[in-house]
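**Q** following is a predicted model, sequence given first.
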Amino acid sequence: VYCGSYDNNLYALDASTGQFQWKFATNGGIVTRPVVNDGLIFVGSEDKSLYAVSSRTGKQAWTFQADGPIRSSPKIAEQHIFFGSDDGFLYAVNLMSNRLAWRVDGGDSIRSSPFITKELAYAGTETGDFFCVDFRGQVKWRFKAKRAITSSPLVEDGIVFFASLDSTFYALDAKSGWIVWRFRMGKGSISSPAKADNLLFFGSADNYLYCLEAGNAKEIWKFKTDHQVSGSPTVYNNAVYFGTADGSLYCLEYKTGQMRWRFDTDGLITSAPLIVDNLLYFGSSDHILYALYA
């Protein structure tokens, strides 16, 4: 298991036992989710660098310098790695040459992690701009929300879904950027959506986790927690898992919203749980990485 930390380090732990394997030090906090490809781990840091690190040894293979902190998790497609930066640009870096292929000016900090399809990339900015670019770096369309889009988008069936701090969850046509529907929440959201069986799941600062019908925004259920839902949900085996700002991790029946169990930590949970082989991994600001049986 690979995870970044605010202590500036990327950690590698044994997935079964949690035993420490190695750590790699950067010069800034790591708030992005690492991605693994062809024996290398790619992770962004608040020191403005994207690092490529050997998954076996933890040694640096190469690094790429942006002009601002990197708080957007990288995504890989077509031999390129895509990520946003607080310098306002969406970057595409060639994995073979480690060089910049192109960058697109989003207008403000990009902390939303891009979603990549076969030919397009989507991302939002801290001023509420949302844009779609092709793999040559040409902007196809732009959309404007009223406040920041920190939520990472999800694209399925020709629709792009994301939340905004303007208290709205959006569904846009992925090719044109036209609004398909909007759903009003009680407060804004930084939670990135998950989808299963035509159901959308996302959290909000109004303390609710919402479940909507993806096609028409019909509310199926909502579950009230004790604090804002700061984490992004993960769906696995008919259950939805997510964390909150008061340090609780919830497991709900995904079709009904009934709570199966709750696990409490001593810090806020902002990450999305990772589930592999029925083990659920997540971090908390109490400085602990947890592994639970899903």
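**A** Here it is on my side, so go on. What you see is a predicted model; the values in this text were computed from it and never measured.

**Q** L100 touches A66, doesn't it?
**A** No. Taking Cβ atoms under 8 Å as the definition, L100 is not a contact partner of A66, at 9.5 Å. C-betas here are computed from N, CA, C, even on glycine.

**Q** of these two, who's got more company?
**A** Neighbour totals were compared for L100 and A66, and A66 leads with 23 against 14 (other Cβ atoms under 10 Å).

**Q** give the contact list for that one.
**A** Going by Cβ atoms under 8 Å, 6 or more residues apart in numbering, A66 touches K48, S49, L50, S85, D87, F89, Y91.

**Q** just the residues you listed: which are in strands?
**A** The members of those that map onto strands under DSSP state E are S49, L50, F89, Y91.

**Q** just put the residues you listed in JSON lines and tack on distance to F20, pLDDT and neighbour count.
**A** Shown next, in JSON lines, are the ones in strands among the contacts of A66 (distance: Cβ to Cβ, whole Å; pLDDT from 0 to 100; neighbours: other Cβ atoms under 10 Å):
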{"residue": "S49", "distance to F20": "23", "pLDDT": "98", "neighbour count": "18"}
{"residue": "L50", "distance to F20": "24", "pLDDT": "98", "neighbour count": "22"}
{"residue": "F89", "distance to F20": "35", "pLDDT": "98", "neighbour count": "20"}
{"residue": "Y91", "distance to F20": "31", "pLDDT": "98", "neighbour count": "27"}
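
**Q** residues in contact with the closest residue to G84 other than its chain neighbours?
**A** Nearest non-adjacent residue to G84, counting by Cβ to Cβ, 6 or more residues apart in numbering: I110, 2.7 Å away. Listed by Cβ under 8 Å, 6+ apart, the contact set of I110 reads S72, G84, S85, D86, G88, F89, L90, A123, G124, T125, E126.

**Q** with R103 instead?
**A** The contact partners of R103, by Cβ under 8 Å, 6+ apart, come to F89, L90, Y91, A92, G137.

**Q** which of those sits closest to T270?
**A** Among the contacts of R103, L90 lies closest to T270 (Cβ to Cβ), at 21.9 Å.

**Q** so what's the residue count around the residue lying closest to the closest one once chain neighbours are set aside?
**A** Of all residues not flanking L90 in the chain, V104 sits nearest, at 4.7 Å (Cβ to Cβ, 6+ apart). Counted with other Cβ under 10 Å, the neighbours of V104 add up to 19.

**Q** ok, now which ones touch V104?
**A** Taking Cβ under 8 Å, 6+ apart, we find V104 in contact with F89, L90, F131, V133, G137, V139.

**Q** can you add distance to D277 and give the residues you listed back as TSV?
**A** Output for these, formatted as TSV (distance: Cβ to Cβ, whole Å):
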residue	distance to D277
F89	37
L90	34
F131	37
V133	36
G137	38
V139	41
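
**Q** of those residues, which is the most crowded?
**A** L90 (25 neighbours).

**Q** wait, doesn't it sit right on F115?
**A** No. L90 is beyond contact range of F115, at 11.5 Å (criterion: Cβ under 8 Å).

**Q** identify the contacts common to the two.
**A** Overlap of the contact sets of L90 and F115 (by Cβ under 8 Å, 6+ apart) consists of A121, A123.

**Q** give me the common contacts of L100 and A66.
**A** With contacts defined as Cβ under 8 Å, 6+ apart, the residues shared by L100 and A66 are Y91.

**Q** what's the average pLDDT for the strand or helix carrying F223?
**A** If you go by DSSP states H and E, F223 is part of strand 219-224. Mean pLDDT, strand 219-224: 98.

**Q** quick check: what element follows it along the chain?
**A** Using DSSP H and E, the helix or strand that follows strand 219-224 in sequence is strand 234-236.

**Q** by contact count, what packs against the helix or strand following that next one?
**A** Counting by DSSP H and E, the element after strand 234-236 in chain order, helix or strand, is strand 239-243. Applying 3 or more Cβ pairs under 8 Å, 6 or more residues apart in numbering; DSSP states H and E, we find strand 239-243 packed against strand 199-203, strand 208-213, strand 234-236, strand 248-253.
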